[in-house]
Each structure stands twice: as C-alpha cells, then as structure tokens.
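# What follows is a predicted structure for the sequence shown.
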Amino acid sequence: MIAVKRIISPFMPGPQKQFNSEVCHLMLLKHPNIVTFVGYCCETKNECVEHDGKYVLAELVEMLLCFEYLPNGSLDKYLSDESSGLDWSTRYKIIEGICYGLCHLHEQMGRHIVHLDLKPANILLDGSMVPKIADFGLSRLLDEQQTICTSSRDGTLGYMAPEFLHGGTITQKSDIFSLGVIIMGVVTGHRDYPDVSRTPLDEFIKLVLEKWRNVLHRSLGCGSLDTYCEQIKRCIKTSLICVNPERNKRPRIMKIINMLQGSETIEL
C-alpha cells in the first residue's frame, strides 16, 4: 500500500518551490527512520473560478507525492502523560529512531539537509512503531558555511528555534532545538520544558521520575526499573540541552545520540 499527499494550489512560486524542494530531497534519502518516497506527479490545468464577483480562467497545479503507507499515523496522536498511552520502552525507541533519522540528514549523506519543520505531526509510525521523519517541504541544503539566512518564517511555533524565528538564520542547530521539544513531549506528554531560572532542574526531574516510577513499578516490578529511570533522566537532560536559546551551546546530533545511550556525559 502507498500513501498519497495531494497539493492543489494556484500556479505560484511558493507552493511550487516547496514541492520541488520536497521531491529533490526525498529522492536523495534512504534510511529506516525516514519515510520511503515512491514517486510524484505534477499537472497544471485551467479552471474557471470566481474572483471579485467575476469568473476568470486560472491556472491550478495539482501535485501528488507518493510514500510508503505507515499504518500507525503520526506521533502527535500518541503523546500522552506517563500514566497512559505508550509504554516507556516504545517511547525510548521512538526517540532513538528520530535521532538516527536526523543524524542521516545532518551528517551521513555527504550533503547536509536541515528539515526545518520537525514536529510530532511530521514523525510517522509504521506497524511496529518505528518512527520515520516525513514532510520535507521546508527542508534546505546547507551551503559551505553550514548556514543560510532567510526571510521565511515558515514552520511551527513552539518547535522553531528562536534564532530562526527572530533572525532567519538556519543551521543544523535549528533542527536540534525542535528535536529537544519533541523529546520532552515524548517523555512527558507535552512540549513544555521548565524555566530553570524558576523551577530547579532537580525538582522537575524528580517530579517526572516519580510519575514514571509508579507506572513502571506496576508493569515491571523491580527488574528494569532503575535502567528505565536512568534513560528517562538522560532524555530530560538531553532535551534541555537541545533547547538552549544560545545556538552554539546545542550539541550536534551524534553527541545527542551518545548522551541518550549513556556513552557521553551530560553537562547542563
């Protein structure tokens, strides 16, 4: 089975540019944590439409993108607090999978792509709850300086990095900010992260761990409890490093993977 993304719009540079960008980037991408691109179609036709009380002929473009069908839909439908929804083991695998997909975009292709609209609605899940990054309409290739300046503010509020939102500067660290918000959402069920100037970090982590400990104790007994709690703590700390308002203080994606897996020290 395949899934089809259908876009119909007047013949205008904006939507056409996004479509072209998405097609070009999807044709480059082959990774278990990135949605598989099957094909595309684009057709322009004239239609009679009403404009200012009159009927005029307008050029309309119908664009189709075909992808592998992912039966479990998008991640945003599964975000919930610790007491309901997905178990911790599944959540942790989803976090890891998103990181592996982002690592492929940022560091493993020879060409560096920034996604620029990383959010739960753009993370699709297959039948085994394996996450796959989707929707590359806003994605961009970085130049040799690894930065792009743009006047565009397209993206999703709450997941956009502050420097992109206010200054239009794009780097890989823009995606890292979005990743941090997603990780926090997967762990806690919401995208809000604490203001450490008001809420002590240790207090926030303790509160989240207490909620998870109660759930894990009922489902696991004592066997893997300490291991899972340590994973939860690492995820929270890594998330907070990712959403640092200072771009240069956010880590690269490989370092994030190492921190999540416990092979690198997390320093807040």
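Okay, I see it.

# Strands of the stretch 101-250 of the chain, residue ranges please.
For the stretch 101-250 of the chain, applying DSSP state E, counting those that start in this stretch gives strands covering 113-114, 123-125, 131-133, 140-141, 148-149, 169-170.

# Just give me the neighbour total for Ser174.
Ser174 sits with 27 neighbouring residues when counted by other CB atoms under 10 Å. (C-beta placed from N, C-alpha, C; glycine too.)

# give me every residue that touches it.
Val114, Leu116, Met160, Ala161, Glu163, Phe164, Arg247 (CB atoms under 8 Å, 6 or more residues apart in numbering).

# again, 10 Å this time
114-116, 118, 140, 147-148, 155, 159-165, 247, 250 (CB atoms under 10 Å, 6 or more residues apart in numbering).

# Could you list the low-confidence segments of the stretch 151-268 of the chain?
Within the stretch 151-268 of the chain, the segments meeting pLDDT under 70 span 151-155, 168, 195-197, 220-223.

# what's the domain layout of this protein?
2-68, 75-261 (automatic domain parsing).

# With distance to Leu268 as extra columns, can I get those domains in a markdown table?
Output for those, formatted as a markdown table (distance: least, CB to CB, whole Å):
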| stretch | distance to Leu268 |
| --- | --- |
| domain 2-68 | 27 |
| domain 75-261 | 6 |
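
# Go through the ones you listed and pick out the most buried.
Most buried of the domains of the chain, by mean neighbour count (mean count of other CB atoms under 10 Å): domain 75-261, with a mean of 17.

# measure that domain end to end?
End-to-end span of domain 75-261 (CA to CA, to the nearest Å): 22 Å.

# Please tell me how far that domain is from the chain's geometric centre.
7 Å (CA atoms, centre = their mean, to the nearest Å).

# The chain should start at 639 in everything you say after this.
Taking 639 as the first residue, the last one we looked at is domain 713-899.

# lowest-confidence stretch among the strands of the stretch 739-888 of the chain?
If you rank those by mean pLDDT, strand 786-787 sits at the bottom with a mean of 49.

# Tell me which of the domains of the chain sits nearest to Glu905.
When the domains of the chain are compared by CB to CB, domain 713-899 sits nearest Glu905, at 8.1 Å.

# ok, which stretches of the protein are helices?
Assigned by DSSP state H, the chain shows helices spanning 651-666, 726-745, 800-805, 810-826, 839-858, 863-880, 891-899.

# So Gly735 is in contact with Pro670, correct?
Yes - under the criterion of CB atoms under 10 Å, Gly735 makes contact with Pro670 at 7.8 Å.

# shared neighbours of these two, which are they?
Common contacts of Gly735 and Pro670 (CB under 10 Å, 6+ apart): Val768, Pro769, Lys770.

# Closest to Cys686 out of those?
Of all the shared contacts of Gly735 and Pro670, Cys686 sits closest to Lys770, with 40.2 Å by CB to CB.

# gap between Tyr725 and Ser857?
Residue 725: Asp, not Tyr. Distance of Asp725 to Ser857, given as CB to CB, to the nearest Å: 7 Å.

# so what sits against both of the two?
Tyr866.

# Spatially nearest residue to Met639 (excluding sequence neighbours)?
Spatially, and ignoring its direct neighbours in sequence, Met639 is nearest to Tyr707 (3.9 Å; CB to CB, 6 or more residues apart in numbering).

# Could you measure from Gly691 over to Leu698?
Taking CB to CB, one finds Gly691 at 20 Å from Leu698.

# Touching, Leu898 and Ile904? I think so.
Yes - counting by CB under 10 Å, Leu898 does reach Ile904; the two are 9.1 Å apart.

# Identify the contacts common to these two.
Here Leu898 and Ile904 have Arg872, Lys875, Thr876 as joint contacts, going by CB under 10 Å, 6+ apart.
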